[in-house]
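1. Need coordinates for the following:
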Amino acid sequence: MKTIKIFCVLMLWGGFAFGQNPELAFELNVNTVGKPYLRISILPQLNSGQTMDANSPVDYTFKLDKGGVDYFGSDVRISMAVSRKSIDLDMYDVSKQKLLGLSTASSDFTIVFNRPLTIKTTQGDYEYSVAKISELSKGKITFTEDQVKQYTVSRGGEFSFINNNFEMFYVPAAESDTDEGEYGVKFAYRNAYKGVEIFTGTAYFMAEGQVSTNPKDSLNYLSIYPVSYSNLDLEKTTEWLITAGLEGNQDLSSYRGAINLAKNMLLPNLIDLSYGYDRLRLKPVLQAGLKAYAEGDNRRKNADGSEQQNEKSAMVFANLYYVIPIYHSFTAIVEGQLFYDFNTTINADKELKNYYKLTMGYDVPNTEFKAFFSYQNGERTISPSKDELMSIGLLALFGN
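-> Down below sits the predicted model:
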C-alpha cells in the first residue's frame with residue numbers, strides 16, 4: 001500500500017512538472033521613458049500561485065523571422081529579461097520603415113530562438129522547441145497604430161529622418177576646386193536628452209554639417225545645437241523646433257551664435273514613382289523659420305582689404321526635404337533652401353539666396369546604405385560665396 005502511494009505522488013508530481021506545457025500569450029508594448037524600445041512579452045498561462053523563476057538564464061538570442069529572413073538583421077539591438085510573470089524581448093533602434101512593417105500585414109512574422117526555450121517555474125520546468133515558439137508566435141506580432149505613434153514621437157517623429165542621416169562622398173579631381181580628388185562626410189544627428197521633458201515637448205542635442213579634405217569649400221559647414229526643443233503634433237503633422245548653438249564654416253574662420261525658431265510641416269505626397277513596388281513613401285517636409293544671430297568672426301573684406309566688423313542680425317528661411325522611392329531599389333532625394341538676410345552689410349544687394357541638392361541613390365543589398373550620385377549648387381547661410389559640387393558615395397537615412 002505504501003509503495004502505491006509513493007508511486008501515485010511521483011506520477012502527480014511528474015505529470016505536473018513535465019506534462020502539457022502551459023499556453024503562451026504574447027503582449028506588445030512600447031517604452032518611451034529614457035531610450036525608447038519595443039517589447040514583446042511572452043506570458044505563460046500558469047496556475048494560480050505558480051510563478052516563473054526571475055533568475056532563469058537569459059543567454060538566448062532571438063530574431064523576428066519573415067519568410068525565412070531575419071527581419072532586423074544587425075541593425076537592431078536586442079535583449080532578453082525574465083520576470084516572475086513574463087519573458088521580455090526588447091528591441092532598440094528600430095527604424096520607422098521597419099516599424100511600419102510590423103504594424104501592417106504582419107501575420108508572417110515569427111519569433112525564432114537560437115535553441116529550445118526553457119521556462120523555469122516554482123512548480124517545475126517547461127521546454128518549448130524552436131519550432132513550437134515560432135508556431136505559437138505567428139500572427140501575434142502586430143503593433144497598433146497608437147503604439148507606432150508613441151514610438152515615433154519618442155524618437156523624434158515623422159521628421160526625424162531629416163535629422164538623422166549620414167553620407168560619405170568623393171569629389172573627382174575634374175570637379176574639385178583644388179584639382180585633386182576630395183573626400184568628405186555629410187551628417188545630421190539628433191538625440192533626446194534622457195528623461196528631460198519640457199511641457200509637452202522634448203529636449204535634444206542636435207548637430208549637422210558637411211566637411212571634406214578641402215576645408216575652404218564654401219559649401220562645407222558645421223552646426224552644433226546643444227540646446228534644442230521639439231514639440232511634435234502628429235495629428236496635425238507639424239513640429240515646432242527651437243535650436244540654439246554655434247554655426248560656422250568648416251575651419252571656423254567664420255562663425256556665429258544663433259537661435260532658430262522653425263516649424264516643420266508635412267506636405268501632400270504628390271509623386272509616386274514606386275510603380276507598385278513595396279516602398280516606404282515619406283511625405284515631403286517643409287520647414288519655415290526665423291534665425292537670430294551674432295557673429296563671432298567672419299571672413300568678409302572691405303574694398304580696401306580691411307576686415308569687416310562682426311554683425312548682429314536676423315534672417316528668414318525655408319527648407320525642403322523630399323525622399324522619393326523609384327521602382328524597387330532607386331531613391332531620389334531633393335533638398336532645397338531659400339533664405340533672406342535682413343542685414344544690409346552682409347546682404348548688400350537685398351537678394352533672396354538659395355541652395356539646392358539633387359541626389360540619386362541605389363539600395364546596396366542587405367544594408368541600410370545607398371550608393372549615390374549628387375549635385376549641389378548655391379550658398380550656405382554662413383557662407384558669402386556661391387559654389388557647386390558633384391560627388392559620388394554612400395549614404396544612409398536613419399529616419400526613426
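
2. And the helices in this protein?
-> Remark: helices assigned in the chain by DSSP state H are 2-18, 96-103, 130-137, 145-154.

3. okay, the angle between the second one and helix 145-154?
-> When you say that, I think you mean helix 96-103. Here the directions of helix 96-103 and helix 145-154 differ by 160 degrees (axes from the mean of the first three to the mean of the last three CA atoms, to 10 degrees).

4. what's the domain layout of the protein?
-> 2-141, 156-397 (automatic domain parsing).

5. I'd like the distance between residue 398 and residue 219.
-> From residue 398 over to residue 219 the distance is 22 Å, taken as CB to CB, to the nearest Å. C-beta coordinates here come from the backbone N, C-alpha and C atoms, glycine included.

6. more crowded one of those two?
-> Relative neighbour count places residue 219 above the other of residue 398 and residue 219, with 25 against 19, counting by other CB atoms under 10 Å.

7. quick one: contacts for the more buried one?
-> Applying CB atoms under 8 Å, 6 or more residues apart in numbering to residue 219 gives the contacts 210, 376, 379, 380, 383, 387, 389.

8. any idea what sits nearest residue 123, other than its immediate chain neighbours?
-> If the residues on either side of it in the chain are set aside, residue 123 comes closest to residue 50, at 5.0 Å by CB to CB, 6 or more residues apart in numbering.

9. what about that neighbour, neighbour count?
-> Residue 50 has 15 neighbours, counted by other CB under 10 Å.

10. Hmm, residue 121 and it touching each other?
-> Yes. In this structure, residue 50 is within contact of residue 121 by CB atoms under 8 Å, at 5.5 Å.

11. returning to what we had before: take the contacts of residue 219 and keep only those in strands.
-> Among these, the members falling in strands (DSSP state E) are 210, 376, 387, 389.

12. who does the second one bridge with?
-> When bridges are assigned using DSSP bridges, the partners listed for residue 376 are residue 357, residue 389.

13. pLDDT wise, what is residue 99 at?
-> pLDDT, residue 99: 80.

14. contacting residues around it?
-> Residues in contact with residue 99 (CB under 8 Å, 6+ apart) are 38, 143, 148, 151, 152.

15. and the last one, how far is that from residue 97?
-> Relative to residue 97, residue 152 is positioned 12 Å away (criterion: CB to CB).

16. more crowded one of those two?
-> residue 152 (22 against 15).

17. so what's that one scoring on pLDDT?
-> Per the predicted model, pLDDT is 71 at residue 152.

18. so can I have JSON lines of the contacts of residue 99 showing distance to residue 298?
-> Listed next are these as JSON lines, based on distance: CB to CB, whole Å:
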{"residue": "38", "distance to residue 298": "47"}
{"residue": "143", "distance to residue 298": "50"}
{"residue": "148", "distance to residue 298": "46"}
{"residue": "151", "distance to residue 298": "43"}
{"residue": "152", "distance to residue 298": "40"}
